[in-house]
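Engineer: Whatever this is, show me its structure:
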Amino acid sequence: MNDDLATLSATELVKLFRRRAISPVEALQAVLARVDLFNPTLNAFQFLDRDSAMKAAKASEKRWKKDSPRSPLDGVPTTIKDTLATIGMPTLFGTRAVDPKGPWQVDAPCTAALRDAGAIIFGKTTTPEYGFKGVTDSPLYGITRNPWNTAHTPGGSSGGSAAALAAGMSTLSVGTDAAGSVRIPASFTGLATIKATFGRIPAYPPSAQGTLSNVGPMARNVSDLALMMNIISRADVREWWTLPDDGVDYVKALRGTIEGLKIAYSPNLGFVEDIDPEITRSVASAAKTFSHLGAQVTRISTKLPNLTQALDILWQGNASVLLEKFNAKQRKLMDPGLLRAAALGAKQTQKDYIIANQQRAEMGVTINRLFGKYDLLLTPTMPIPAFKVGLNTPNGGNDVSLGWTPFTFTFNLSRNPAASIPCGLTKAGLPIGLQIVGAHYADALVLRAARIFEREIGTFVPSLESN
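Structural biologist: Coordinates of the predicted model:
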């Protein structure tokens, strides 16, 4: 039973807490037991604070006994990505160039909100250096592996969070996403996540990737995402792009149907060429499922521009500015790929940067017009399943471009909400992700559609014993 607790959702745990069938202490013990068992192989954590977490779990247990929990997440084991500030835990951004001594005296808005809600924050998860690539390895931490097949990557840059969740080493986690960094690993490890409308989930300190970057909840099912959204999506004055509170209860918003919704389905966004046939078939099947559920699904031929070059200009330029604060000695400690990206960024002109932002705006208008006709858009999350560890890209090629993530980065550029949920497995037993995109501020609708689809086909869990 104790091991089983680690695989329960937050929604299920809280029901058991309320009935006093189990306690937050038992839930944390179960998760930590899984960490001891699987983390030596998966390498999902950069820091664990067992003692403080156990004290917090005991305090939560007392609150539940008094029927006075702080929130529906009180007592739930939770992890935070190494790019998000956490009081008392190092935030190293996956780099050897940051002093591990700290001090660590600031919580990011999401961390503070979860802590105030009673969530048990017990560890920080691995990331590539400054989250600059779509796999999770770094000179500081080494390689993080995929619970579905440890010879494969969990993706990145929130790959530590994904590996922890998929293996039952955490119940909830928070990552960041500037080109797909919560959706890529969710697709590769069979998880649920959402990159909300830009500004919906506040961030501080600000990301080096500016308006590309988002904070994103990660979980094993959509109901847990909604629980997290209720906690972490509230406005914070430290985020200068913060959206005003919308008053939405994301849990209640899951109720209802999708009957009559107009849903567009695009297998390739009009420009993505190399897509694994198994993914194409699985996402096409998912589109049919939405039709069976009562939505009006239309396969569209809308051709979006391929803005890989614009993304690279923004991404590399931002990396160049980031690395200016490090001296030559510190740079020698860094990932060579990050140094190459920054070097390319240093060669860009102001005109390059302005043109990239203009192209981004033009595409955003095109997408706005699309959502004038349709309520939602379905695409693959990734054009490929998880590939082998040790590679920075699927083919081991250009490691300074994220052009291999076209379905995800497009909606970082446009700022639209986009969720990823599993929709099947390849013949090799690797997860396939379905991306559900909405108009600006339609986060609740995206989650409702994701939940209805998930309820229809179920969730996906790896068989860890076979890895």
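Engineer: from here on, contacts and neighbour counts on C-alpha atoms
Structural biologist: Noted.
Engineer: Tell me where the stretch 251-400 of the chain has strands.
Structural biologist: In the stretch 251-400 of the chain, the strands defined using DSSP state E, counting those that start in this stretch lie at 262-265, 296-299, 376-380.
Engineer: where does the stretch 151-300 of the chain have low pLDDT?
Structural biologist: Scanning the stretch 151-300 of the chain for pLDDT under 70 picks out nothing.
Engineer: any idea where the helices of it begin and end?
Structural biologist: With DSSP state H, counting those that start in this stretch as the criterion, the stretch 151-300 of the chain has helices at 159-166, 183-189, 222-232, 277-292.
Engineer: would you turn those into TSV with mean neighbour count and distance to Ala119?
Structural biologist: Below are the helices of the stretch 151-300 of the chain laid out as TSV (neighbours: other CA atoms under 10 Å; distance: least, CA to CA, whole Å):
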stretch	mean neighbour count	distance to Ala119
helix 159-166	33	15
helix 183-189	34	22
helix 222-232	24	10
helix 277-292	19	34
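Engineer: Adding distance to Leu434, write those helices out as TSV.
Structural biologist: TSV is the format used below for the helices of the stretch 151-300 of the chain (distance: least, CA to CA, whole Å):
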stretch	distance to Leu434
helix 159-166	16
helix 183-189	7
helix 222-232	13
helix 277-292	6
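Engineer: for these, which one sits closest to Gln350?
Structural biologist: helix 183-189 (30.3 Å; CA to CA).
Engineer: now for that closest one, which elements pack on it?
Structural biologist: Helix 183-189 is packed against helix 159-166, strand 192-195, strand 418-425, strand 431-438, with contacts defined by 3 or more CA pairs under 8 Å, 6 or more residues apart in numbering; DSSP states H and E.
Engineer: Thr289 is nearest to which of these?
Structural biologist: Closest to Thr289 of the helices and strands packed on helix 183-189 is strand 418-425 (CA to CA; 10.2 Å).
Engineer: Only alpha carbons, please: show that closest one as CSV.
Structural biologist: Extracted as CSV, the C-alpha positions of strand 418-425 are listed here (Å, rounded to 0.1, in the frame of the first residue of the first chain):
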residue,chain,number,x,y,z
ALA,A,418,-1.3,25.0,-25.0
ALA,A,419,-1.7,21.7,-23.1
SER,A,420,-0.1,18.4,-23.8
ILE,A,421,-1.7,15.1,-22.8
PRO,A,422,-0.8,11.5,-23.9
CYS,A,423,-2.9,10.0,-26.7
GLY,A,424,-1.1,6.7,-27.3
LEU,A,425,2.1,4.7,-27.4
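Engineer: what packs against that strand?
Structural biologist: On a contact count with 3+ CA pairs under 8 Å, 6+ apart, strand 418-425 meets helix 183-189, strand 192-195, helix 277-292, strand 431-438, helix 443-457.
Engineer: Show me the one of these that comes nearest Thr393.
Structural biologist: In terms of CA to CA, the element of the helices and strands packed on strand 418-425 nearest to Thr393 is helix 183-189, at 12.1 Å.
Engineer: which residues touch that closest one?
Structural biologist: The contact list for helix 183-189 (CA atoms under 8 Å, 6 or more residues apart in numbering) reads 134, 146-148, 153-159, 162-163, 166, 177, 191-195, 218, 381-382, 385-386, 405, 408, 419-422, 430-434.
Engineer: picking up where we left off before, let me have the helices and strands packed on strand 418-425 in a markdown table, adding distance to Glu259 as columns.
Structural biologist: Below are the helices and strands packed on strand 418-425 laid out as a markdown table (distance: least, CA to CA, whole Å):
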| stretch | distance to Glu259 |
| --- | --- |
| helix 183-189 | 26 |
| strand 192-195 | 22 |
| helix 277-292 | 9 |
| strand 431-438 | 16 |
| helix 443-457 | 10 |
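Engineer: of all those, which lies closest to Gly390?
Structural biologist: helix 183-189 (15.4 Å).
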